[in-house]
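Visitor: sequence first, predicted model second:
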Amino acid sequence: MSENILRSGSVRIHSGSVSQHEAMKEAADILVAAGSVTDGYYDAMLQREATVSTYMGNELAIPHGTNETKDEILNSGLSLVRYDGGVDWDGEPVSFVVGIAGKGDEHLEILSRIALLFSDEDDLARLKAAATADDLYALVESVNEE
């Protein structure tokens, strides 16, 4: 992964709440805008969610496509949206929605980097306290490191 998988423009903070599907759509739209996936990736995310929840615990959901929809991925990329009003993710409270598109086998490495960022209570508190999208990006840009 030579280029940054997470760009500053792919990080957002919303004060309110949205539905799970709206959150997934925004995650997919950001990935489309970044040139990481095709327009069909949202449907791929829905397929994945229909078989297994992408809720990870610690207020984190990581929607992504299925192995069968890999052709929707153009380049590895990430989107990160914090919803301060929360998202009801199949009954679980979610504040952070991280859209993932991993080219080839890169998604496993990307997933592990994201999981590390959200595994620590102190780190989670810092992520929730970030005042701006730029501040939030600064806290998570380590996912770009080789």
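Guide: Now that the structure is in, tell me what you want to look at. Numbering: from 1, shown residues only.

Visitor: where do the helices sit along the protein?
Guide: For the chain, the helices defined by DSSP state H cover 20-33, 41-51, 106-117, 121-129, 133-140.

Visitor: what residues of the fourth one count as buried?
Guide: By neighbour count on 16 or more other C-beta atoms under 10 Å, the buried set for helix 121-129 is 124, 127. Bear in mind the C-beta positions are built from the backbone N, C-alpha and C, glycine included.

Visitor: what does it contact?
Guide: 58-59, 82, 95-96, 117-118, 136, 139-140 (C-beta atoms under 8 Å, 6 or more residues apart in numbering).

Visitor: looking at this structure, which helix or strand is least sure?
Guide: helix 106-117 (a mean of 84; mean pLDDT, DSSP states H and E).

Visitor: counting by contacts, list what that one packs against.
Guide: strand 92-101 (3 or more C-beta pairs under 8 Å, 6 or more residues apart in numbering; DSSP states H and E).

Visitor: ignoring the adjacent residues along the chain, who's closest to S8?
Guide: Once flanking residues are discounted, S8 sits nearest to Y137: 4.6 Å by C-beta to C-beta, 6 or more residues apart in numbering.

Visitor: quick one: contacts for the residue positioned nearest the centre of the chain?
Guide: The residue lying closest to the centre of the chain (C-alpha atoms, centre = their mean) is V98, at 1.2 Å. Shown in contact with V98 (C-beta under 8 Å, 6+ apart): 27, 60-63, 78-80, 114.
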